[in-house]
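[1] attaching a predicted model along with its sequence, questions to come.
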Amino acid sequence: MTAVIPVSVITGFLGSGKTTLLAKLLRDPAMGRTAVIMNELGEIPLDHELIETSDETFVQLSTGCLCCNVRSDLVLTLGDLAARRAAGTVPPFERVVVETTGLADPAPILHALMTDRGLCDNYALEGVITTVDAVTGLATLDTHEESLRQAALADRIVLTKTDVQAEPAALAGRLSRINPGAQRLCSVRGDIPVSALFGPGPARAARTPDAQAWFTRSASAVEAPHAGHRHDRDISSFCIVREQPVRAVTLALFMSALAENCGADLLRMKGIVHVAEHPAAPAVVHGVQHVYHAPVWLPRWPSEDRRTRLVFIGRVHESWVRELLELLEEEVTDQMARPTPG
């Protein structure tokens, strides 16, 4: 069976240091087998001149905003790359990095990686890396909705230009309110270890020994006292923890109801679920807006903690989500208790 290739998305607002970060990363020997997809606005591409590559596969999209053309450009580009890799006409890359424009919403890219069958056969989402300017980041979050969404969807937030200004307490607090579970790192002129930025994502969880790494930080951060009551222009984060197992049909109905009723308001949901019918192995779930990845079953529980933990980030009310899960569980329990006709 062909190994699934991890895909990481690097996003961040205009001027926040995405290209500088990527340029430094690609000079690291650990990134030698990396395919890079860059998006640029306008007919004359410029960012590629800032990237020094050697053996890396380099692909550039210059047909407009990547997030708007994701269903054509990105899907076709990744499919073409996979075919060329299989045919041996490009180097055998082992990772893909997609750099978005500064005004891009990363969600459509994640949707494509989660739902396109052709892509899922070859690729799996590894994570979202968002750059935030330590100097202007706070003002940017105040004035640009795109930057809020980029921060909310992040698995890792990289603070740039910290040589000019250390992370201000106000910015740190703001990012914690928007996305308390994201790991925050600092970078000076793009210098940051490759190992700090890449790790197991939701679709790869069952294939890695560190299955909990992508959500444990979120769960512990959002479970902190009163964390679920912090709001940033209506973006809130909270965690639902359940001691009792969840029935499989309840989980399916719950995720369907979230997709149908929350849509773009639920920016991200992720977690680990103790499913009643499969007590020996948990399910990893992951959703972005109205798109939810099929649960990934781990071979075993990665720790002694067997509680269900679900993390939510977006413009949804915690009480509504909790009540929805409880109502669905009650309905399923009632249905199972009713005698079979005949």
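    Everything's here; your move. Numbers count the residues shown, from 1 in each chain.

[2] from residue 147, how far out is residue 177?
    Distance, residue 177 to residue 147, by C-beta to C-beta, to the nearest Å: 14 Å. All C-beta atoms are positioned from the backbone trio N, CA, C, and that covers glycine.

[3] can you check residue 88 too?
    41 Å.

[4] ok, now residue 301?
    Note on residue 301: its distance to residue 147, by C-beta to C-beta, is 37 Å.

[5] look at the two and report which has more neighbours.
    residue 147 (26 against 16; other C-beta atoms under 10 Å).

[6] low-confidence ranges, this structure, go.
    With pLDDT under 70 as the threshold, the chain has low-confidence stretches at 1-2, 40-57, 60-72, 199-234, 340-342.

[7] my read: residue 22 touches residue 8, true?
    No. Applying C-beta atoms under 8 Å as the test, residue 22 and residue 8 come out as separate, 10.4 Å apart.

[8] got any residues that touch both of those two?
    Residues touching both residue 22 and residue 8 (C-beta atoms under 8 Å, 6 or more residues apart in numbering): residue 97.

[9] and this structure, what are its domains?
    Listed by automatic domain parsing, the domain ranges of the chain are 5-199, 203-337.

[10] quick one, which of these is packed in tightest?
    Comparing the domains of the chain by mean neighbour count (mean count of other C-beta atoms under 10 Å), domain 5-199 ranks first with a mean of 19.

[11] centre of the chain to stretch 130-146, how far?
    19 Å (C-alpha atoms, centre = their mean, to the nearest Å).

[12] same deal with stretch 237-248?
    So, by C-alpha atoms, centre = their mean, the centroid of stretch 237-248 is 20 Å from its chain's centroid.

[13] who's in contact with it?
    Applying C-beta under 8 Å, 6+ apart, the external contacts of stretch 237-248 come out as 177-181, 218-219, 222-223, 227-228, 230, 254, 271, 273-279, 307-313, 318, 321-322, 325, 329, 332-333.

[14] what of stretch 105-118?
    Here stretch 105-118 makes contact (C-beta under 8 Å, 6+ apart) with 7, 9, 11, 66-68, 70-71, 74-75, 79, 98, 100, 119-120, 123-125, 128, 130, 146, 149-150, 153, 203, 264, 267, 286, 288-289, 291-293.

[15] now with 7 Å, please.
    Stretch 105-118 is contacted from outside by 7, 9, 11, 66-67, 70-71, 74-75, 79, 98, 100, 119, 123, 125, 128, 146, 149-150, 153, 288-289, 291, 293, using C-beta atoms under 7 Å, 6 or more residues apart in numbering.

[16] which residues in the stretch 201-342 of the chain form strands?
    Along the stretch 201-342 of the chain, counting by DSSP state E, counting those that start in this stretch, strands occupy 231-232, 235-242, 266-273, 283-288, 291-297, 308-314.

[17] of all those strands, which one comes closest to residue 37?
    Across the strands of the stretch 201-342 of the chain, residue 37 has its closest neighbour in strand 283-288 (18.8 Å, C-beta to C-beta).

[18] what helices or strands is the closest one leaning on?
    Secondary-structure packing of strand 283-288 (3 or more C-beta pairs under 7 Å, 6 or more residues apart in numbering; DSSP states H and E): helix 107-115, helix 248-261, strand 266-273, strand 291-297.

[19] and the ones you listed: which comes nearest residue 189?
    Nearest of the helices and strands packed on strand 283-288 (C-beta to C-beta): helix 107-115, 26.5 Å.

[20] got the contact list for residue 257?
    Residue 257 neighbours (C-beta under 7 Å, 6+ apart): residue 324.

[21] how much space separates it from residue 331?
    11 Å.

[22] for residue 113, same thing?
    33 Å.

[23] next: residue 284.
    Taking C-beta to C-beta, one finds residue 284 at 25 Å from residue 331.

[24] just residue 285 next, same as before
    Counting by C-beta to C-beta - residue 285 and residue 331 are separated by 20 Å.
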